[in-house]
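Participant: give the three-dimensional model of this entry:
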Amino acid sequence: MKTLKILQVLSLISLAIFTGTFLFIAIVIVPFWLSSEPNYFLEWFEVNFLRFPTLMIPLNLIAFLTTLITLIVSWKSKANTKIIWTIATIAIFLTSITYPIYFASANALLSDKTIELSLVVPKLITWSNWNWLRTALTFVALILAAISVYQLEEEQS
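Facilitator: I've put the predicted structure just below:
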């Protein structure tokens, strides 16, 4: 059970960082984009875009892998938290696939500046909605991880 506890805490930490990053994007970055003139935004996005996948891909991999490993150990140890980790892993998996489903093409369109200026704001609103979806999914996984850590602590008391 000690290995499971360590994995749960590592998963909780990685999910908190991942969720916090999405919240920062949603609350700080996207409003900055929306307040910018479309041409300025496209220039900014072209110059700064690569910083996002450089940060987000490793955070996503760490959050997904720690959650998945915790799920596997939970099932092997027959812990009462295995259903919680199954749902958390599904939530992080769904978060992960939003990139190929939506963000890869949307980001390419914005960074290549192949979008008409009149379509920038509607595209950013759609981008923001997708970002809120993945933020909610990571938040669900984070809450479930916190519940699981608490439950394991209660079981061991």
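Participant: what stretches of the protein score poorly on pLDDT?
Facilitator: 1, 152-157 (pLDDT under 70).
Participant: which elements pack onto the longest helix anywhere in it?
Facilitator: Looking across the chain with DSSP state H, the single longest helix is helix 120-156. Under the contact criterion of 3 or more Cβ pairs under 8 Å, 6 or more residues apart in numbering; DSSP states H and E, helix 120-156 touches helix 2-24, helix 30-35, helix 38-48, helix 51-76, helix 82-98, helix 104-111. (C-beta placed from N, C-alpha, C; glycine too.)
Participant: which parts of it are buried?
Facilitator: Neighbour counts over helix 120-156 (16 or more other Cβ atoms under 10 Å) mark 120, 124, 127-128, 130-131, 134-135, 137-142, 144-145, 148-149, 152 as buried.
Participant: which ones are touching the residue nearest to residue 56 when sequence neighbours are not counted?
Facilitator: Excluding the flanking residues, the one nearest residue 56 by Cβ to Cβ, 6 or more residues apart in numbering is residue 21, at 6.8 Å. Contact analysis of residue 21 by Cβ atoms under 8 Å, 6 or more residues apart in numbering lists 55-56, 59.
Participant: pick the one among those residues closest to residue 97.
Facilitator: Among those, residue 56 lies closest to residue 97 (Cβ to Cβ), at 13.8 Å.
Participant: what about the closest one, neighbour count?
Facilitator: 17 (other Cβ atoms under 10 Å).
Participant: number the chain from 14, please
Facilitator: Okay, residue one is now 14; in that scheme the one you just asked about reads as residue 69.
Participant: ok, back up a step: tell me what angle the longest helix of the chain forms with helix 95-111.
Facilitator: Here the directions of helix 133-169 and helix 95-111 differ by 160 degrees (axes from the mean of the first three to the mean of the last three Cα atoms, to 10 degrees).
Participant: my guess is residue 161 meets residue 94, correct?
Facilitator: Yes. Between residue 161 and residue 94 a contact is recorded at 4.2 Å, counting by Cβ atoms under 8 Å.
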